[in-house]
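A.B. asks: predicted model, plus sequence, below.
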Amino acid sequence: MRATGLAEVSKQLRDIDRKAVNKLRAEMRATIVPVAKEIANDVPQVAPLSGMNHNGVTRWTGTPKASVAFTPGRARGGRSRNILSMKFTGGTRGAGGIGFDYAELAGSSKRPGSRFSKVYERGGYPGLQHRVNGQGKAFNRGVRAFKPIKGTGGYFVFDSALKKHRRIEGLGKQAINQFMRDATAELSRIRGGV
C-alpha cells in the first residue's frame, strides 16, 4: 500500500487542532471572564478590618484582578483533570496592596504562627524584628466575624465562586460542545474535499 498525501493530511489535522483550540480558548474567555469579574465584584470595597485602612503593603484593595486560564490537553503533575482555572489577586508587594490575598485565605494554614516577624528595615535602620503576639489568630477571627463562611478559608472570591459553580460549569460545557460541533463539521468538510 502506498500512502500518498499523508504529510498533507497530518498538517491539516494539526492546523485544525491549533485553530480549534484557539477558538475554544477565545469562546471560554468570552463566556467565563464576565463571571470571573462578577465574582471579583462580590468582594466588598470596605476593608474587613479597620487596621487594613492604610497605604502599606498589606492594605485592602477592594476589587481584586481576575484572570482565566484555559489549558486543554495539559494537566499539572499529570493528575489533575482541570482544564479551566480562575485566578484572583489583590496586588503585589511592589504595586497594589496584598491585604485581600491575606484576608481571602485567613485561617486556611495549619502551621502554627511565627513567634517573630521577618527581619525588616525602618527609618534607615536595618535588621529590625518584633515579637508576634497572636495577631494571626486575631486577624482570622476578625475576618470570620466580618464574613462568616463554612470551612477555613476562601472568604470572598472562593465563597462566591462556589455559589456560581453550576453556572460556570454549564458555560464551559456549552463552549466545549460548540467546539466539538465545529471540529466535526471541519473534518467532514476536509474529508469531502470541499
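C.D. replies: Nice, thanks for sending it over.

A.B. asks: contacts for stretch 144-153, please.
C.D. replies: For stretch 144-153, the surrounding residues in contact (CB atoms under 8 Å, 6 or more residues apart in numbering) are 44, 48, 49, 104, 105, 106, 107, 108, 155, 156, 159. C-beta here means a position set from N, CA and C on the backbone, and glycine is covered the same way.

A.B. asks: pLDDT on that stretch, on average?
C.D. replies: Averaged over stretch 144-153, pLDDT sits at 86.

A.B. asks: likewise stretch 122-138?
C.D. replies: So the average pLDDT for stretch 122-138 ends up being 77.

A.B. asks: assign residue 159 to helix, strand or coil.
C.D. replies: Secondary structure, DSSP: H, G, I helix; E, B strand; the rest coil: residue 159 is helix.

A.B. asks: need the contact list for it.
C.D. replies: 147, 149.

A.B. asks: the same query, at a cut-off of 6 Å, please.
C.D. replies: Applying CB atoms under 6 Å, 6 or more residues apart in numbering to residue 159 gives the contacts residue 149.

A.B. asks: for it, give its distance to residue 36.
C.D. replies: 14 Å (CB to CB, to the nearest Å).

A.B. asks: got it, and residue 173?
C.D. replies: Distance from residue 173 to residue 36, by CB to CB: 17 Å.

A.B. asks: more neighbours: which of those two?
C.D. replies: residue 36 (21 against 10; other CB atoms under 10 Å).

A.B. asks: for that one, which non-adjacent residue is spatially closest?
C.D. replies: If you skip the residues right next to it in sequence, residue 36 has residue 66 as its closest partner in space, 4.0 Å away by CB to CB, 6 or more residues apart in numbering.

A.B. asks: and the next element down the chain from the one helix or strand that neighbour maps to?
C.D. replies: Using DSSP states H and E, residue 66 maps to strand 65-70. Later in the chain than strand 65-70, the nearest helix or strand by DSSP H and E is strand 84-89.

A.B. asks: average pLDDT for that next one, rounded please.
C.D. replies: Mean predicted confidence for strand 84-89 is 84.

A.B. asks: for stretch 22-29, same thing?
C.D. replies: Stretch 22-29 comes out at a mean pLDDT of 79.

A.B. asks: check which helices and strands the helix ranked longest in the chain is in contact with.
C.D. replies: When every helix of the chain is counted residue by residue (DSSP state H), the longest turns out to be helix 6-41. Packing partners of helix 6-41 (3 or more CB pairs under 6 Å, 6 or more residues apart in numbering; DSSP states H and E): strand 65-70, helix 157-163, helix 165-191.

A.B. asks: what is the burial count for residue 52?
C.D. replies: Neighbour tally, residue 52, other CB under 10 Å: 21.

A.B. asks: so it makes contact with residue 100?
C.D. replies: No - with contact defined as CB atoms under 6 Å, residue 52 does not reach residue 100; the gap is 9.1 Å.
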